[in-house]
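1. predicted model and sequence below, questions to follow.
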Amino acid sequence: MARYRLYGWRQTGSMAIEAALAEAGVDHDFIPVSRATDETRGETFTRINPRQQLPALVLPDGTVVTEGPAILAHIGDAFPGTGLVPPGGSSARATLDRWTAFFHANVYEAMLRELRPATYTDDPAGATAVASAATAYVKRHFEIFEGQLGPGPYLFGERLSSFDIYLWMLCHWVDRDWLAATCPGITRLCDAASARPALAEVLRRHFG
Ligand SMILES: N[C@@H](CCC(=O)N[C@@H](CS)C(=O)NCC(=O)O)C(=O)O
């Protein structure tokens, strides 16, 4: 029987998907696509994701899903017993979608500008400014969410959601000293997630 196939690599957006699949206990094949050797731009992977980005999840029926939040929503919907996403149409689901979209559109994208600033400007002298503006942009959005986070540790209290997994991943790509000093609620969320055995194992694979 066909299984889920996840295309990913260390320290990329596949970290959140690996974590969600592990939390949900979903059997899958992991296909490493090296970013070190630009395998993402190769013919084989380009056929799967013409945007040449990780992660990509291929469902058992062959459907390709890209974009981290769409993949997370699918896993939560396909395995409702995990409670990773609230039911569609509920207020909780709207809240989960809101904050996932907020971090995807604002933070993840700005982190790409921090990582590869030269690809976001035609001005060869402008890359440093692109990166520093992106860092400020990332921090501003973390701070906005910090002000909205309830008692925690997670978005919905004690229950882990796909949003928490997404934010947990992003927390590993931001200045941790700054985060601890400025965003104690998010830091607590991140620490609580890291303490879960399934996520601790994913963390070790990506940053160990
Ligand atoms: N919008 C995409 C962004 C994915 C993305 O930027 N992936 C990076 C790794 S974190 C990537 O594969 N980059 C490959 C490249 O730029 O060559 C998503 O949210 O999944």
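-> Now that the structure is in, tell me what you want to look at.

2. tell me, what residue is most central in this protein?
-> The centre of the chain sits closest to Tyr166, judged by C-alpha atoms, centre = their mean, with a distance of 3.9 Å.

3. that one: which element?
-> Element membership for Tyr166 (DSSP states H and E) is helix 162-171.

4. domain parsing for the protein?
-> 4-82, 91-196 (automatic domain parsing).

5. the helix or strand encompassing Ile71 and the ligand in contact?
-> In this structure, Ile71 is located in helix 68-78 according to DSSP H and E. Yes - using C-beta under 6 Å from any ligand atom, helix 68-78 comes into contact with the ligand via Gly68. C-betas here are computed from N, CA, C, even on glycine.

6. is any part of whichever helix or strand comes after that helix close to the ligand?
-> Per DSSP H and E, the first helix or strand lying C-terminal to helix 68-78 is helix 91-102. No - judged by C-beta under 6 Å from any ligand atom, helix 91-102 makes no contact with the ligand; its nearest approach is 10.3 Å.

7. list the helices and strands helix 91-102 packs on?
-> Judged by 3 or more C-beta pairs under 8 Å, 6 or more residues apart in numbering; DSSP states H and E, the packing partners of helix 91-102 are helix 68-78, helix 127-146, helix 162-171.

8. in that helix, what's buried?
-> By neighbour count on 16 or more other C-beta atoms under 10 Å, the buried set for helix 91-102 is 93, 95-97, 99-100, 102.

9. which residues sit against it?
-> With C-beta atoms under 8 Å, 6 or more residues apart in numbering as the test, helix 91-102 has contacts from 69, 72-73, 85-87, 141, 145, 148, 155-156, 161-163, 166-167.

10. give me that answer again for 10 Å
-> Helix 91-102 is contacted by residues 68-70, 72-73, 76-77, 84-88, 90, 141, 144-145, 148-149, 155-156, 159, 161-167 when judged by C-beta atoms under 10 Å, 6 or more residues apart in numbering.

11. from the residues you listed, list just the buried residues.
-> 68-69, 72-73, 76, 84-86, 141, 145, 149, 155-156, 161-167.

12. could you dump the helices and strands packed on helix 91-102 into a markdown table and include mean pLDDT and distance to Arg51?
-> A markdown table is the format used below for these (pLDDT from 0 to 100; distance: least, C-beta to C-beta, whole Å):
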| stretch | mean pLDDT | distance to Arg51 |
| --- | --- | --- |
| helix 68-78 | 98 | 12 |
| helix 127-146 | 98 | 20 |
| helix 162-171 | 98 | 19 |
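
13. which stretch among those helices comes nearest Thr46?
-> helix 68-78 (18.4 Å; C-beta to C-beta).

14. who in the chain is up against the ligand?
-> Going by C-beta under 6 Å from any ligand atom, the residues of the chain near the ligand are 12-13, 35, 40, 52-54, 67-68, 104, 108, 112.

15. list buried residues within the residues you listed.
-> Neighbour-count burial within these applies to 12-13, 35, 40, 53-54, 67-68, 104, 108; the criterion is 16+ other C-beta under 10 Å.
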